[in-house]
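Peer 1: here are the coordinates; sequence isn't available:
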């Protein structure tokens, strides 16, 4: 083996290990997060909020889904601050343990019938812990993936942590479908079966911990630490210099997140299985339809990484949002049909745009922010986008259906979110291939939006897209 082949193979092996660690870890964490949303749509209104009645109980149940998003920025601030100070890997391990521990404890909670008001209070506290963990998780995972990758493969590398969302959703809905259809059907699911998916998280934590501990620290952070170029208070510098970038990046994500939480937040699950509603399907076929749609979502998310490297992050995003705009009303028509097969067809149609408007986000966010505040920038933008988009989307959707009697009002709400996200997307520049290292801080500091001039364009290696030329 030649001297040049050995480092190349070593780098490739490192990238594969990082890809595995990010996709396994994010899948486990989002399984934990989504299993809550699924249970909120199916059983929490009866188990924890029964005295409020069916309609108010469902609203309260979805409200606890949204409350966790309010605490995501706290997790993003903390993880961003310490991630830019002490490293990406440490934050990844900590957020995994927080998320998994809270999820497992939810599976052990007493119900309202046995503990009274204490039961929903404990549920809310553990959901807040999940929100803090989710706020810190994403930034660390995407930076580990993107900062390890060659500049012409960042879209594909960044798609791996993005896959954790649809794969986590697939796992959560699949496990729940197994419980409702095979292991604990009918009343058994309400009595004890809903707890099992939460308790499974204990095993998943162990797997995720081993995988994430095996990954080396991000090379960009290692360089920052070696040269002692870490910022003392990254969050303060972020908002002092880059507040507009944070706002625009958050809005770009808000539309996609609102769309995703129609399913992952439990709204479609609750709406389609409501025995008094217009659809009235059984739990298991609805969960299977969502599981199948999540698998397609994962495929389009991964595909979007290739498209982002080939055509640019911005163009891929705009194609994705265009698809969402075109399919939002047909999707709800198919959901309202009362047929499980058509429900799956509607969700599958919708998930094509979801994947294209989500997969490139890791690479694009990483290339928007300068190295010294990158963890803080991507984590806080993501958390704020989640609040604006998905935090109370299931609650808003449920309230719209209850007040108007039509699911199509939810389509109008989502359409408004998509238009807002497209406007923000247009105002950001595509910086595919920009040097992410600390030595290139000066170029990274300027020109991320079309409202501000670019400092300069550095020569790129052959075959790599020229930064700023797309969009």
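Peer 2: Ah, there it is. Not measured: the values here are computed from a predicted model.
Peer 1: so which residue is dead centre in this protein?
Peer 2: What sits nearest the mean C-alpha location of the chain, by C-alpha atoms, centre = their mean, is residue 165, with 5.2 Å.
Peer 1: these two touch, right, that one and residue 260?
Peer 2: Yes - with contacts counted by C-beta atoms under 8 Å, residue 165 reaches residue 260, the gap being 7.1 Å. Using the backbone N, CA and C atoms, a C-beta is placed for each residue, glycine as well.
Peer 1: shared neighbours of those two, anything?
Peer 2: Shared contacts of residue 165 and residue 260 (C-beta atoms under 8 Å, 6 or more residues apart in numbering): residue 358.
Peer 1: right, and the helix or strand after the biggest helix by length in the chain?
Peer 2: Identified as the longest helix of the chain according to DSSP state H is helix 5-42. On the C-terminal side of helix 5-42, the nearest following helix or strand under DSSP states H and E is helix 44-47.
Peer 1: who are the packing partners of that following helix?
Peer 2: helix 54-70 (3 or more C-beta pairs under 8 Å, 6 or more residues apart in numbering; DSSP states H and E).
Peer 1: buried ones in the helix it packs on?
Peer 2: Residues 57-70 are the ones in helix 54-70 that count as buried (16 or more other C-beta atoms under 10 Å).
Peer 1: how about stretch 419-429: buried residues?
Peer 2: 420-422, 424-425, 427-429.
Peer 1: nearest to residue 253 among the residues you listed?
Peer 2: For the buried residues of stretch 419-429, the closest approach to residue 253 (C-beta to C-beta) belongs to residue 421, at 7.5 Å.
Peer 1: apart from its chain neighbours, what residue comes closest to that closest one?
Peer 2: If the residues on either side of it in the chain are set aside, residue 421 comes closest to residue 255, at 2.9 Å by C-beta to C-beta, 6 or more residues apart in numbering.
Peer 1: now the one you found: which helix or strand?
Peer 2: Assigning secondary structure by DSSP H and E places residue 255 in helix 234-260.
Peer 1: that helix: how far from the chain's middle?
Peer 2: 14 Å (C-alpha atoms, centre = their mean, to the nearest Å).
Peer 1: for it, packing partners?
Peer 2: Applying 3+ C-beta pairs under 8 Å, 6+ apart, we find helix 234-260 packed against helix 72-86, helix 313-335, helix 340-356, helix 361-368, helix 374-389, helix 408-427.
Peer 1: chain center to the helix or strand just after that helix: distance?
Peer 2: Downstream of helix 234-260, the first helix or strand assigned by DSSP H and E is helix 267-273. In terms of C-alpha atoms, centre = their mean, the centre of helix 267-273 is set 20 Å apart from its chain centre.
Peer 1: returning to what we had before: excluding sequence neighbours, find me the nearest residue to the residue nearest to the centre of the chain.
Peer 2: Once flanking residues are discounted, residue 165 sits nearest to residue 30: 5.2 Å by C-beta to C-beta, 6+ apart.
Peer 1: OK, contacts around the one you found?
Peer 2: Applying C-beta under 8 Å, 6+ apart, we find residue 30 in contact with 164-165, 167-169, 172.
Peer 1: just to revisit the earlier point, the residue nearest to residue 421: what's it in contact with?
Peer 2: So residue 255 contacts 321, 324, 357, 389, 414, 417-422 (C-beta under 8 Å, 6+ apart).
Peer 1: and if you look at residue 426?
Peer 2: Contacts of residue 426 by C-beta under 8 Å, 6+ apart are 318, 450.
Peer 1: for residue 419, see how far away it is.
Peer 2: With the distance defined as C-beta to C-beta, to the nearest Å, residue 426 ends up 11 Å from residue 419.
Peer 1: please apply the same query to residue 299.
Peer 2: Computed with C-beta to C-beta, the distance linking residue 299 and residue 419 is 27 Å.
Peer 1: coming back round to it: now the helix holding residue 255 against helix 54-70, angle please.
Peer 2: 150 degrees (axes from the mean of the first three to the mean of the last three C-alpha atoms, to 10 degrees).
Peer 1: between helix 234-260 and helix 340-356, how many degrees?
Peer 2: 150 degrees.
Peer 1: now do the buried residues in helix 234-260.
Peer 2: Residues of helix 234-260 classed as buried by neighbour count (16+ other C-beta under 10 Å): 234-235, 237-238, 242, 245-260.
Peer 1: low pLDDT regions in this structure?
Peer 2: 1-11, 84-85, 87, 216-232, 263-266, 453-471 (pLDDT under 70).
Peer 1: what do you get if the cut-off is 50, keeping everything else the same?
Peer 2: Counting by pLDDT under 50, the chain contains low-confidence ranges at 1-7, 457-471.
Peer 1: count of residues packed around residue 117?
Peer 2: Residue 117 has 10 neighbours, counted by other C-beta atoms under 10 Å.
Peer 1: count the neighbours of residue 36 for me.
Peer 2: Neighbour count for residue 36, taken as other C-beta under 10 Å: 26.
Peer 1: wait, it touches residue 131, no?
Peer 2: No - under the criterion of C-beta under 8 Å, residue 36 makes no contact with residue 131, lying 10.1 Å away.
Peer 1: now for those two: what residues contact both?
Peer 2: Residues touching both residue 36 and residue 131 by C-beta under 8 Å, 6+ apart: residue 68.
Peer 1: list the residues that contact the residue lying closest to residue 451 once chain neighbours are set aside.
Peer 2: Nearest non-adjacent residue to residue 451, counting by C-beta to C-beta, 6+ apart: residue 427, 6.6 Å away. With contact taken as C-beta under 8 Å, 6+ apart, residue 427 is in contact with 248, 449-451.
Peer 1: need those in CSV (columns: distance to residue 144 and secondary structure).
Peer 2: Formatted as CSV, the contacts of residue 427 follow (distance: C-beta to C-beta, whole Å; DSSP: H, G, I helix; E, B strand; the rest coil):
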residue, distance to residue 144, secondary structure
248, 24, helix
449, 26, strand
450, 29, coil
451, 30, coil
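Peer 1: redo these as a markdown table? Include distance to residue 378.
Peer 2: Output for those, formatted as a markdown table (distance: C-beta to C-beta, whole Å):
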| residue | distance to residue 378 |
| --- | --- |
| 248 | 13 |
| 449 | 16 |
| 450 | 20 |
| 451 | 20 |
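Peer 1: right, I'll call it a day here.
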